[in-house]
Structure formats: C-alpha cells, structure tokens
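Student: I would like to see how this sequence folds:
(chains A and B)
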Amino acid sequence: MTMITFAARRLRNWTLLAVALLLASLLFAAYGVTLHSVKFMTGWFLVAAVLVLTLFNLRKRFSFLPLASASAWLQFHIYLGLFSVVLFMIHTDWGLPTGYLEALLWSLFMIVAVSGVFGILITRAVPELQQQHGEQLFLGRIPQFRAQLADEVRTLIIDTMKETRTRTLAKFYSAHLRHYFAGPRNFVRHLIGSGRHLNGLLREIELAERYLDTPGKAALVEIRERVLQKDNLDYQFAFLMLLRGWLFIHVPATYSMILVAIVHMLMAYGYGMGTL
Amino acid sequence: MLADTLISRPKRWDTPFGPDMTDENVDRVIALPLLADIDAERFSNTLSLRNILKHDSRIIECKRGDIVVREGDYGHSVFFPMSGNLRVITRLSAIVEASEPILSANTQRGRRTGLWAAIKRAWFNPAIPEVRKYHKQGGISDYLRRVGDGTEQESRPYVSNVEQVLETCETVDIDSTDNDIVGEIAALTRSIRTASIFAETNCTLLELRWQGLRDIRKQDRDFRIFIDDRYRDRAMLRQLQELPLLQHLDRKVLEEIIKHTLFESYGDFEWNRSYQKADQRDWDSVIEKEPIVAEGGHYTDGLLIVCAGFGRVSDNLDRGERTLDYLSRNGMFGLEELAEHWHTGEEVPLKKSLRAIGYLDILRIPTALVEKYILPNLPTDMRPHINDDDALPWEGSDTPDRLQQSLIDFFINNRTINGSKTMLINTSRCVNCDDCVRACAVAHNNNPRFVRHGPTEDNIMIANACMHCVDPVCLIGCPTGAIQRDQSSGNIIINDTTCIGCGTCASSCPYDNIQLVEIRDVRGSFIHDADSGSRIVKATKCDLCQDLLVSPACQRACPHDALIRIDMNDRKALQDWLSR
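Tutor: Below is the predicted model:
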C-alpha cells in the first residue's frame, strides 16, 4: 500500500474542506430562499459537528475496535473543527454576541477553537524543538533524573568541602544551586526561548572560579555540566507540560460549551418558534 | 491476609507434543532406519532419546490427499514417513492453483475475540498486573488440559483431486522406504514452508518438533550431517526455482545451473550470542568480526545469491569500511561486475565487499554459467546498471533507495533489519501522549507489552517491542515450543500455558524485547511453586494483538502518525515512511 505524504494529505484535506464549505453555503442559501430561518439549520449542523468532534476523545479508549485509526480520526477532527469554526461564524452572522448566555457560549466556543488550533500547532512544533535542544525524555522520569542530579551536586560539594575546606562552594550552593536543583525552574522562560536564567547562572559559576583552588575548580566544572543537564530537564519538562496542558483547557471547555449550547437550544426553541 | 496460590512449577514435558505416544509407539519409532543408528548412550538420563521421542514427537495418520505441510505456512517440525507415499509439489500448475485454492492461499485465520469481548476490555480488564485465571482446586495440569483442549483440535486440509495434481504439477515422490525426511528447511531456518506436501496414499508419519530435532542434532553427529545435507540440497533447489533472474530459463538450463551451483554457509546460525557480547557502537570492530564472503578489489568467480540470513554490502572509503546496503533472501551480489566483464571482456574486480551479518547462506552460480545462460537472456528491466568509474564521489547516489547513511549504519548495527514488524517511532512527531502504550495495555489485560524507549538515531527510535524477526533466534532454545511462529501469520507468539518461565527466549533475544513477569491469581496474590516456594514467572512480549479484531493496537492508536510497525526489508515502505 502506498503511503500518502503529509503534504499530499494536507492538500487533499484542505480541498475537501473547501468543497464541504462551498456545499454548505449553497445549502444554506437555498434554505434561506424558502424563507425558513437558516440559523436553526446552522445551529443543528453545529450541534452535530460538535458531537462528532467530541467522539474523538471516546475513540481513544477503543483503539482495539475497527473504528478507523486514531490518525484518521485526528485528521477528521482537525478539519471538521475548522469547518465548525466557519459554521459558527455563519451562525453568529460574523458578529459579536449580545446577551449574557450568548456571550458565554461564544467565549467558550472561541476558547475551544483557539486552544484546538494552538494544540495542533504545538503538537507539530514542540517535538522538533525538543529534539534540537537535547535528549528527549519521558515526563514521568524527569523527577527521578532531577533528584539524581541534585544528589550528585550535593555529594560533589560536600566531598570538595571536606577535601579543601572551601567556603565558596558552600555559599554558592546555598545561594544558587539548592533552589535550582530542588524542582522544575524557569518554566515560562523556556517556553519563550529565553536563555537569560542559564547565562546568569553560568556567569555566577565563572565568577566563583577565581576563589577556588585546583580541586575546587575541578568540582566547579562538574557542577557546570550538571547545571546544563538540569537546564535541559527543565526545558523538556516545560514543553512536555505544555503538550499535556493545553488539553486541560480544550477538553473541559468543550464539555462546558456543550452544556451551555443545550441551554441555548432550549431558549432558542422556547423564544424563537415563531421564526421557524 | 489471603493465602498465596501454590502450583507445581510447569516443566518442559508437561504438555507432550502428541497425546498418544505410548512406550509401544516409541519402540516403533525408534526402530525407524533414520533413528535406529542413533547412539542412545550419548544422551543424558533426563534428556534421553526415548524421552525426546516420547514428548517431542507424534504419529500422524494421513489419508490419501491430506496436506501435510502447505507452502507459505509456518512450521517448526520435520516429518519422517513411516509408511505410504508423500508428494512434494515443486511447481504448482495453473489449473490446480485455480481448482485447489487450499494449496496456494492461506485460508486459515487465527482465533479472534468477538465484538462484545473486545468492548469489555475497556472496562473489565483487571486492575492488577499479570493476572492469570487459575483454579486453585484444579492444579496446573487441569489448567493445561482445559486450555490445551481448546487449542489442540485441528483439522487437516486436503487436496480434493489428487490425480489432477499428479498429472499437471511438478512433484517429487517421497516413499517411506527411501528413509527420507521432509520439512527440514522451515524447521532449521525458522522460516516459511517452501513447498506443499500431501499424502499420495494413506500414510503414517512421525512428526518431530524443533525441540526434539535440536536435541537429537546436538547429540548425534551423523544425524546432524544427514539433516544439514538435506537442507543444503533442497534449499538450493527451491531458491533457484523461485529466483526472478532464472524464471525465463528453460528447465534443462536450470537443471544445469543447479548442478553446478555451490551452497556456502558463513557465520553462525545462533549468531545472537556473539552479537550480545559485541559492543555495537564500535562499528569498525563489528565489521571486522563479520565473516567476509566476497572482498572488494578481488575478482569474483560467480554470482552470489542470498539464501538465508543477512549480508552487509560495503566499500572501502579511505581508512574505513562504509556500509552501503544490506541484503536479505534473494538479494544478489556481483551481478554488475559480471555484466561489465561480459560486456567489455575485461577482468572487473568487485567494487564492494559482502560480509555475513550473523549468519549467511549463499548460492554461488559460476561465472561461466552466468555469462552463458543468464546475462544473454536477461530481460531489459532486469539488466544491471553499470557504474561510471569516472564519476566523482559526490555525484549520483551509490546508496540504494536513498536511505540516509547514518540510518543504514544504525539499522544494520542494531540488527533492526531482522524485523518484519519493527516498531519505529518518529520522535519529531511523537508528543509523548502514551496513547500507544495505553492501547497496548488495554489489549493485553492492562499489561503493556512494549516499552516506548530504545536506541535512537536522528529522529528515529527503535522501540523495545518484539520485531517478529525474519530469523527469530528466540525460538532456538525454547524447551517446550511455547514460543513459536503462528502457523498462518508467521508472527512470533508465546503460548502462556506451555511457557515454563525458563527465560531462555528472553536471554536469546538480542534486542531485550522479551520480559519475564511474575504472574498473579485473580485476587492479586503471586502464584508460587508448591515445592520451592518461588514465584512462577512467564515470558511475555508483543504478540501484534493477534486476537484483536484490528491490529496492532499501538499503531492504530497513534494520532500523530509517529509510530509504525514495518518490515525492514520492504525498502520502499521504509523509505516512504522515513521521507513522509
């Protein structure tokens, strides 16, 4: 079986989306000619689309059933999601909401849509960034590696102190390293690509070097190496958390939106029967 | 506190190969001419010849037309005709292919769970790891019998029109008086059956499974030589017959080529031992240790064709050997140079070297025959491309199928080329969501059967998942045959019931893809051996979800197209995936 390239698949899916939007527009226009309210139709289309989109999460639990691959589902999810955004815009007349309920529903939809687009962008970009930065790690193993590094640095400092009676390293450890190795650090700086925190710490290491004798300097070289390793851990941690974190906005917002949409539907039918 | 479950530790011969091997039957079998000469004194008391035959062999009664083995199926046993006649089909006629699909198409399908059972997995999988359903009152033998009863029943396929097959197909007669064996190619190379064999008359056969064959071969030199000679002759014959290069030649020419072709073996059948010892990162020493089959710069005396195993094609670049490609079954070496010699009349030395990766069986067709019969009659599309020696090193691509050099080295040095379902992960697309691991766990009673971790080159990771190897060395040492190839799919599977937890397969696997796990009963208590008190362990690994409605779950669960199970010898699929 020939494997379709990602570029060809993208082209095919965008074409299908364009065709689907064109057909939907024609359908709505034709329905409008019959003097029926197009809003009810676009509304029901939206309900159906959102329900199908929600099924993707359910599909993940049933990977052993013949329900097409998760990859195919994700593609469908992405393009149906984009279709829904246009549909939503048509439904809201490309304008802003007026009432409180509509404003809430509009906001939730936007949160779902924007977080979805953000999600797909980072799932494509983050693995590449992680790979360029250093060894890719499992989220679950990062605390273990971090504890190991912290332990190594502490042992190194204690051993050097015993050997050389240096106070510089002890002070340096309590001022800069203990906190640095105690947990994940510089989360936002890693996400925005800033290296200020690392440069600052490396500069402090350079400054400390002049107060040390040869064994102390050798220990500092080792410490510097571990600082760099810890920085990679923090980097990987920040992006792995980002990869998981966006779903904590996307999924709850989706279910909230469905609940508000049900209320919206009831109200629309309650107050708008005359327009049918 | 709940009491632990105690059972007798499973042993090698708890489940004999055949249920009806009585002492009388063993006497009957041991008197067969091929076995009668074996010196029983060479065998130990615990692993005596009688015991091996009693537990690792069975007697099969076949009716006229019954198919004994079928081309394309997988099997690990050899057959000794005790009475009657067998026919080996060496070439199927079109008429028989159409009228007897049972002979050419694999119609068997493994048992799969139903839809409801599949849905239940999502909610009713045990929360405790490695649970085995075990009835305390029954004991392990009841458990074996209960499961065994369900799996041992088999129905034998048959040829409906024996006369037509005999008249229209090319067949070879195997008479019980010939004192011959059949089925040794698949048994020795752990590969597919290369020909279909059926009973020409009602006949009785002794089927000896791999475990017995292995142990007898090990103890008796003459028996080993006999089996190996048979393997050499027949493997060569079968391969030359199926080789596309020779398809256009007539029967007489083919017979002459077969007569003069040499069969050569390099390396070690059980290559995994030396592989595990070697440091794979030290590429130069790895290459140096590989037996040279043909060396670049030397003249070749024939066309080399890979019969079994893998070969490394390399050239000498300044001070080191650069790997260019790898060859598997039916791969050819030296054709370009022979064609150039035939074309120009000048002696052309080999431009590349061929080494055995692990073990390599090759066929050597003498130059004179290649030039006389093969090259002049070669269809245009099969003619080799003759390289331009004046081309600068960076011009053109001498790396077949455009695989990146680092990846070629990576795949070969890690022996990933052995995989028919290797799990590759594109780390540039993997978002660590673990959907693949979760899907695997759900499919296996909450026990993931792979680790999403492994050697990585650039953005390609070879995950720790059974690769379902072309040459599965894990099968060699299994004392019970619990680890085996599925007859129809060829996937490597473990029969949990007959696994005795000895760990031979796990230590043989060069890739550490088999894990030994301590099993528990449904209450979560470990199951212990009643005698020693130690915990019972079982070997586990990826089974490609072969009892699921759709498989493999890991690949189907990956939403980002990061994970694939791929045949490393399907170069096009590999290249397509890598450059996707």
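
Student: For the rest of this, base every contact and every neighbour count on C-alpha atoms.
Tutor: OK.

Student: How about the residues of the stretch 151-276 of chain A by chain B?
Tutor: Selection of the stretch 151-276 of chain A residues close to chain B by Cα under 8 Å from any Cα of the partner chain yields A:240, A:243, A:244.

Student: Type out the PyMOL command that picks the buried ones from those.
Tutor: The buried subset of these, as determined by 16 or more other Cα atoms under 10 Å in any protein chain shown, is captured in PyMOL by this line:
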select buried, chain A and resi 240+243+244
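
Student: and which of the residues of the stretch 151-276 of chain A next to chain B is nearest residue A:188?
Tutor: Comparing those against residue A:188 with Cα to Cα places residue A:240 closest, at 12.7 Å.

Student: any idea how far residue A:112 is from chain B?
Tutor: Shown here: residue A:112 relative to chain B, a distance of 19 Å by Cα to the nearest Cα, to the nearest Å.

Student: which SSE is that residue in?
Tutor: helix A:100-133 (DSSP states H and E).

Student: Report the rounded mean pLDDT for that helix.
Tutor: In this model, helix A:100-133 has a mean pLDDT of 92.

Student: packing partners for it?
Tutor: Taking 3 or more Cα pairs under 8 Å, 6 or more residues apart in numbering or on different chains; DSSP states H and E as contact, the helices and strands that helix A:100-133 lies on are helix A:214-245, helix A:247-272.

Student: for those, which one ends up most surrounded?
Tutor: For these, average neighbour numbers computed from mean count of other Cα atoms under 10 Å in any protein chain shown are highest in helix A:214-245, which has a mean of 19.

Student: which secondary structure elements does it contact?
Tutor: Judged by 3+ Cα pairs under 8 Å, 6+ apart, helix A:214-245 is in contact with helix A:100-133, helix A:142-164, helix A:187-191, helix A:196-209.

Student: could these go into TSV alongside mean neighbour count?
Tutor: Output for those, formatted as TSV (neighbours: other Cα atoms under 10 Å in any protein chain shown):
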stretch	mean neighbour count
helix A:100-133	17
helix A:142-164	16
helix A:187-191	16
helix A:196-209	14
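
Student: Run the angle between the helix holding residue A:112 and helix A:247-272 for me.
Tutor: 160 degrees (axes from the mean of the first three to the mean of the last three Cα atoms, to 10 degrees).

Student: the inter-axis angle of helix A:100-133 versus helix A:214-245?
Tutor: 140 degrees.

Student: chain center to helix A:100-133: distance?
Tutor: The gap between where helix A:100-133 is centred and where its chain is centred comes out at 7 Å by Cα atoms, centre = their mean, to the nearest Å.

Student: Please apply the same query to stretch B:311-326.
Tutor: Centre-to-centre, stretch B:311-326 and its host chain are 27 Å apart (Cα atoms, centre = their mean).

Student: How about residues contacting it?
Tutor: B:284, B:287, B:296, B:310, B:327-328, B:351-357, B:360, B:398-400, B:405, B:408-409, B:412 (Cα atoms under 8 Å, 6 or more residues apart in numbering or on different chains).

Student: about what we covered before: nearest to residue B:428, out of the helices and strands packed on helix A:214-245?
Tutor: helix A:100-133 (4.9 Å).

Student: quick revisit: dump the helices and strands packed on helix A:214-245 to JSON lines, plus distance to residue B:513.
Tutor: Listed next are the helices and strands packed on helix A:214-245 as JSON lines, based on distance: least, Cα to Cα, whole Å:
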{"stretch": "helix A:100-133", "distance to residue B:513": "25"}
{"stretch": "helix A:142-164", "distance to residue B:513": "24"}
{"stretch": "helix A:187-191", "distance to residue B:513": "36"}
{"stretch": "helix A:196-209", "distance to residue B:513": "39"}
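
Student: out of those helices, which comes closest to residue A:255?
Tutor: Across the helices and strands packed on helix A:214-245, residue A:255 has its closest neighbour in helix A:100-133 (9.6 Å, Cα to Cα).

Student: Give me the phi and psi for residue B:263.
Tutor: Torsion angles at residue B:263 (phi, psi; degrees, to the nearest 10) stand at phi -110, psi 130.

Student: Alpha carbons only: can I get the worst-scoring helix or strand of chain A on mean pLDDT in PDB?
Tutor: Within chain A, no helix or strand scores below helix A:168-172, which has a mean of 88 by mean pLDDT, DSSP states H and E. What follows is helix A:168-172, C-alpha atoms only, in PDB (Å, rounded to 0.1, in the frame of the first residue of the first chain):
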ATOM      1  CA  THR A 168      33.000  29.400  48.300                       C
ATOM      2  CA  LEU A 169      31.300  26.300  47.100                       C
ATOM      3  CA  ALA A 170      29.100  26.000  50.200                       C
ATOM      4  CA  LYS A 171      28.000  29.600  49.800                       C
ATOM      5  CA  PHE A 172      27.500  29.200  46.100                       C
END
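
Student: how about the helices and strands packed on helix A:214-245, which one is nearest residue B:514?
Tutor: Going by Cα to Cα, the one of these nearest residue B:514 is helix A:142-164, 25.2 Å.

Student: what's the angle between the closest one and helix A:214-245?
Tutor: Computed with the same axes, to 10 degrees, the direction of helix A:142-164 lies at 170 degrees from that of helix A:214-245.

Student: what helices or strands is helix A:142-164 leaning on?
Tutor: helix A:168-172, helix A:178-182, helix A:214-245.

Student: Outside of that helix itself, list whatever touches it.
Tutor: For helix A:142-164, using Cα under 8 Å, 6+ apart, the contacting residues are A:166-167, A:169-170, A:173, A:178, A:181-183, A:215-216, A:219, A:223, A:226, A:230, A:233, A:237.

Student: Kindly report the same for stretch A:34-51.
Tutor: Against stretch A:34-51 from outside (Cα under 8 Å, 6+ apart): A:28, A:31-32, A:80-81, A:84, A:87-88, A:90-91, A:258, A:275-276.

Student: Right, and chain B sits closest to which residue of the stretch 1-150 of chain A?
Tutor: Proximity of the stretch 1-150 of chain A to chain B (Cα to the nearest Cα) peaks at residue A:71, 3.9 Å away.

Student: For the helix or strand harbouring residue B:118, buried residues please.
Tutor: Secondary structure from DSSP H and E places residue B:118 in helix B:115-124. Across helix B:115-124, burial judged by 16+ other Cα under 10 Å covers B:118, B:121, B:122.

Student: Might one say that the second one is in contact with residue B:441?
Tutor: Yep, that's residue B:121 we're talking about. No: using Cα atoms under 8 Å, residue B:121 makes no contact with residue B:441, being 9.9 Å away.

Student: Just the ones of the contacts of stretch A:34-51 in helices?
Tutor: A:28, A:31, A:32, A:80, A:81, A:84, A:87, A:88, A:90, A:91, A:258 (DSSP state H).

Student: Helices along the stretch 1-150 of chain B, start to end?
Tutor: Per DSSP state H, counting those that start in this stretch, the stretch 1-150 of chain B has helices spanning B:23-30, B:33-36, B:49-56, B:94-99, B:101-104, B:115-124, B:139-152. These are given in chain order.

Student: which of the residues in the first one are buried?
Tutor: So that's helix B:23-30. Neighbour-count burial for helix B:23-30, counted by 16+ other Cα under 10 Å, picks out B:26, B:29, B:30.
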